[in-house]
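Asker: Next come a sequence and a model predicted from it.
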Amino acid sequence: QVQLVESGGGSVQAGESLRLSCAASGRAANIAAMAWFQQAPGKEREFVAAINWSGTDTAYDDSVKGRFTISRDTTNNTVYLQMNRLKPEDTAVYYCNAGGTFYEGVYHPRYQNDYWGQGTQVTVSS
């Protein structure tokens, strides 16, 4: 079992930055890949970015390429999402997912509740 705790959300103006963190504990050593998803009101949860265990391979949704950067610190089992030049359309609850498969740039999440964090709200105003 893995526990995921996100932090770093908040309310900012368009053009500003935020850094999200997701700390994994429990059987975190077995996690091969991690990812961030976003869910806006009334919408499905959507992929944002993913990273493999070593941090050498990443993938991004086209809407965030060049603005967001995913990174990982394996010494403390934490994944980060640096979000720059935020836009109002980035407003959503951001969720961390762990233990999915990440192959050829495509991340498939583990859907069980244990592999999702509780979410952190990001609100961007214009």
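Answerer: Sure thing, it's come through. Since the structure is predicted, the reported quantities are computational estimates derived from the model, not experimental observations. Numbers count the residues shown, from 1 in each chain.
Asker: Could you report the distance from Ala23 to Thr120?
Answerer: 12 Å (Cβ to Cβ, to the nearest Å). (C-beta placed from N, C-alpha, C; glycine too.)
Asker: what touches both of the two?
Answerer: Common contacts of Ala23 and Thr120, defined by Cβ atoms under 8 Å, 6 or more residues apart in numbering, comprise Ser7.
Asker: When those two are compared, which one has more neighbours?
Answerer: Thr120 (21 against 17; other Cβ atoms under 10 Å).
Asker: List the residues that contact the residue nearest to the more buried one when sequence neighbours are not counted.
Answerer: What sits nearest to Thr120 in space, not counting adjacent residues and going by Cβ to Cβ, 6 or more residues apart in numbering, is Gly9, at 3.4 Å. Contacts for Gly9 (Cβ under 8 Å, 6+ apart) come out as Leu18, Leu20, Val93, Tyr94, Thr120, Gln121, Val122.
Asker: at 10 Å instead, please
Answerer: 18-21, 83, 92-94, 119-123 (Cβ atoms under 10 Å, 6 or more residues apart in numbering).
Asker: So which residues of the protein form strands?
Answerer: 2-7, 10-13, 18-26, 33-39, 46-52, 58-60, 68-73, 78-83, 92-98, 101-103, 106-108, 120-125 (DSSP state E).
Asker: From Gly42, how far off is Pro109?
Answerer: Pro109 is 20 Å from Gly42, by Cβ to Cβ.
Asker: Between the two, which has more neighbouring residues?
Answerer: Neighbours around Pro109 and Gly42, counted as other Cβ under 10 Å, are more numerous at Pro109. The numbers are 21 against 5.
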